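>>> could you look at this predicted model? Sequence included:
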Amino acid sequence: MATDLPDPVVPAIKRCGMRARSAVTGAPPMSLPSASGSAALVDSDSLTVDQLGGSLKTGRVVMELSGDWRQANTKIIQHYSKAWTSFDGKITLGISAYSFNLSAREVQKTGIILKQSLKKAGVSLRLIPNTDPQLNTATSHHNKLGLAPNKVELLIVRGRDGRIVVAESTGAQNITQLARRDQGRPKRDAFVGMLPPKLAQIIINLARVQPGAKPFVSDTGQDNVPRLLDPFCGTGVILQEAALMGYAVYGTDLSEKMIRYSEDNLAWLQNTYHLQVRRRLHEGDAMTTTWQHPIASVACEAYLGQPFSAPPSPEKLDQVKRNCNHIVTEFLKNIGDQIRPGTPLCIAVPAWRDAKGNVTHLPLIKNLEQLGFVQHQFTQVRPGQLLYYREDQVVARELLVLVKA
Ligand SMILES: C[S@@+](CC[C@H](N)C(=O)[O-])C[C@H]1O[C@@H](n2cnc3c(N)ncnc32)[C@H](O)[C@@H]1O
């Protein structure tokens, strides 16, 4: 969610996913694109926060309410006073309210009243204090909220239409594991770049194989495991995250050193996470290489040009932009001839920010159709808004979400 993300992420993606199995009301899932862009409802039985990249928390919807905070508050207290009246053991409770105009104290009050009510029934409740209306991810994660029946976080979200959804968290972003994969892997390279694993997950998810697409057999020939290609694989962050999501992975890079780094990192992942990583890696120039089939999806962070600590001169920017534009254009022409129509791609390309926040995009973005690709149209964001950067960064990553025409 927007408020407690440590760094800026694409607005459409930094949402709290919630399972919309609205067992209580039976209402169809509704979309909650609130003013702060804080939550989305998803109808799914298998939503897990560990693979959602920019999403901070997931939860299962338990109630849909109308009215204001006070009325919702009363219903929530009544519901849980009854539901937990004979709970065996101690309950840990956290409460997060999204898109309400409330103080942390007002949110906390709900928990205090509930705690008092349960105390009368002999049930013990530990309330996690709110310093903000929403618990931050670290607090939810370290208290294991949503991960056991007695560790509960209520996610109370107000939609634009005024309806209120109450969900019980099913987990918060696992910042311990994300940091482990980012910093614990044997090979890193500050010059090549440090793609955060959560951004890698976002890129992979945006290159998701479309439902109904023909299944692709992996190179092991054993089963229908889709194989994901990263043609600029570098140290292999995307390959690592894709392997954890169950893909067979295929990485190529211009640099032989990067292929060795990816291999070492994937071997580390295999040992550390006790999984079989089906992989293929080889050197190759993305502008000319012939890749082995099958390729189910393409997810990559392309060459981003040189890093800048301050906005470059217009001449320098033009030179770097032309170079990156050339590499990515030639790559798209090359891969376009080798993948089937309908193959999804998500490519992070560079975009440059000046001191006023104006953004220079790669010129090729205007020619995607001529290059044989269709750019995905999102309902909540325009394509040029899919930018990932920190406030102090000149080079942003722009996500191009494409399908081979
Ligand atoms: C921004 S880095 C990608 C880093 C990667 N996501 C990782 O996990 O480390 C871009 C990579 O593209 C590679 N590269 C640059 N030009 C290339 C080309 N023409 N073909 C293939 N790889 C290229 C570089 O060697 C570098 O590893």
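Nice, thanks for sending it over.
>>> from here on, contacts and neighbour counts on C-alpha atoms
Will do.
>>> got the residues of the protein near the ligand?
192-193, 195, 231-238, 253-255, 258, 284-287, 301-304, 327 (CA under 6 Å from any ligand atom).
>>> buried subset of the residues you listed?
Among the residues of the chain next to the ligand, those scoring as buried are 195, 231-238, 253-255, 258, 284, 286-287, 301-304, 327 (criterion: 16 or more other CA atoms under 10 Å).
>>> tell me which of those fall in helices.
Within those, residues falling in helices by DSSP state H are Val237, Ile238, Met258, Ile327.
>>> closest one to the ligand out of the residues you listed, please.
Checking those against the ligand with CA to the nearest ligand atom, the nearest one is Val237 at 3.8 Å.
>>> which residues are in contact with that closest one?
By CA atoms under 8 Å, 6 or more residues apart in numbering, the contact list for Val237 reads Leu195, Pro196, Pro197, Ala200.
>>> kindly recompute the last result at 10 Å.
By CA atoms under 10 Å, 6 or more residues apart in numbering, the contact set of Val237 is 181-182, 185, 188, 194-201, 230, 243, 262, 265-266, 300-301.
>>> tell me which residue lies farthest from the centre of the chain.
Going by CA atoms, centre = their mean, the residue of the chain most distant from its centre is Lys120, 42.3 Å out.
>>> what's the spacing between it and Arg390?
49 Å (CA to CA, to the nearest Å).
>>> so what's the residue count around the nearest residue to Arg278 once chain neighbours are set aside?
Nearest residue to Arg278 in three dimensions, chain neighbours excluded: Ala248, at 4.8 Å (CA to CA, 6 or more residues apart in numbering). Applying other CA atoms under 10 Å, we find 26 residues neighbouring Ala248.
>>> with Thr289 instead?
For Thr289, using other CA under 10 Å, the count is 16.
>>> so what's Val401 bridging to?
Beta-bridge partners recorded for Val401 (DSSP bridges): Cys346.
>>> residue boundaries of the helices in the stretch 1-150 of the chain?
Taking DSSP state H, counting those that start in this stretch as the criterion, the stretch 1-150 of the chain contains helices spanning 69-83, 104-120, 137-142.
>>> can you add mean pLDDT and give the ones you listed back as a markdown table?
Shown next, in a markdown table, are these (pLDDT from 0 to 100):
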| stretch | mean pLDDT |
| --- | --- |
| helix 69-83 | 96 |
| helix 104-120 | 97 |
| helix 137-142 | 96 |
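>>> distance to Ala348 for those helices - can I get that in JSON lines?
Formatted as JSON lines, those follow (distance: least, CA to CA, whole Å):
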{"stretch": "helix 69-83", "distance to Ala348": "41"}
{"stretch": "helix 104-120", "distance to Ala348": "37"}
{"stretch": "helix 137-142", "distance to Ala348": "26"}
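>>> and stretch 71-91, what's buried?
Buried residues in stretch 71-91, counted by 16+ other CA under 10 Å: Ala72, Asn73, Ile76, Ile77, Ser81, Trp84, Ile91.
>>> tell me which two in those are the farthest apart.
Farthest apart among the buried residues of stretch 71-91 by CA to CA are Ala72 and Ile91. That separation is 21.3 Å.
>>> on that earlier part again, now, the contacts of Val237 that are in strands?
Among those, the residues falling in strands (DSSP state E) are Asp230, Cys300, Glu301.
>>> isn't Asn101 up against Gln134?
No: using CA atoms under 10 Å, Asn101 is not in contact with Gln134; the gap is 11.7 Å.
>>> more neighbours: which of these two?
Under the criterion of other CA under 10 Å, the comparison of Asn101 against Gln134 puts Gln134 first, with 24 against 11.
>>> contacting residues for the more buried one?
With CA under 10 Å, 6+ apart, Gln134 has these contacts: 1, 3-4, 94-99, 103-104, 107-108, 140, 154-156.
>>> Leu127 now?
Contacts of Leu127 by CA under 10 Å, 6+ apart are Ile91, Thr92, Leu93, Gly94, Ile95, Gln108, Gly111, Ile112, Leu114, Lys115, Val152, Glu153.
>>> next one: Ile156
So Ile156 contacts 61, 63-64, 69, 72-73, 76, 95-100, 107, 134, 164-168 (CA under 10 Å, 6+ apart).
>>> and for Asn334?
Asn334 sits in contact with Ala286, Met287, Thr288, Thr289, Thr290, Trp291, Val328, Leu371, where contact means CA under 10 Å, 6+ apart.
>>> on the three-state scheme, it is what?
For Asn334, the assignment made with DSSP: H, G, I helix; E, B strand; the rest coil gives helix.
>>> quick one, strands of the stretch 251-400 of the chain?
For the stretch 251-400 of the chain, the strands defined by DSSP state E, counting those that start in this stretch occupy 279-283, 297-301, 344-353, 359-360, 373-375, 387-388, 395-404.
>>> tell me the mean pLDDT for the fourth one?
Mean pLDDT, strand 359-360: 96.
>>> quickly run through the sheet partners of it, with directions.
Per DSSP bridges, strand 359-360 is paired in its sheet with strand 344-353 (antiparallel).
>>> how about the second one?
Within its sheet, and counting by DSSP bridges, strand 297-301 is paired with strand 227-230 (parallel), strand 344-353 (parallel).
>>> where in the chain is pLDDT low?
Along the chain, segments meeting pLDDT under 70 span 1-37, 209-223.
>>> next, the residue most central in space within it: phi, psi?
Nearest to the mean C-alpha position of the chain, counting by CA atoms, centre = their mean, stands Gly53 at 2.2 Å. The phi and psi values for Gly53, taken as degrees, to the nearest 10, are phi 60, psi -100.
>>> break this structure into its domains for me.
2-173, 177-404 (automatic domain parsing).
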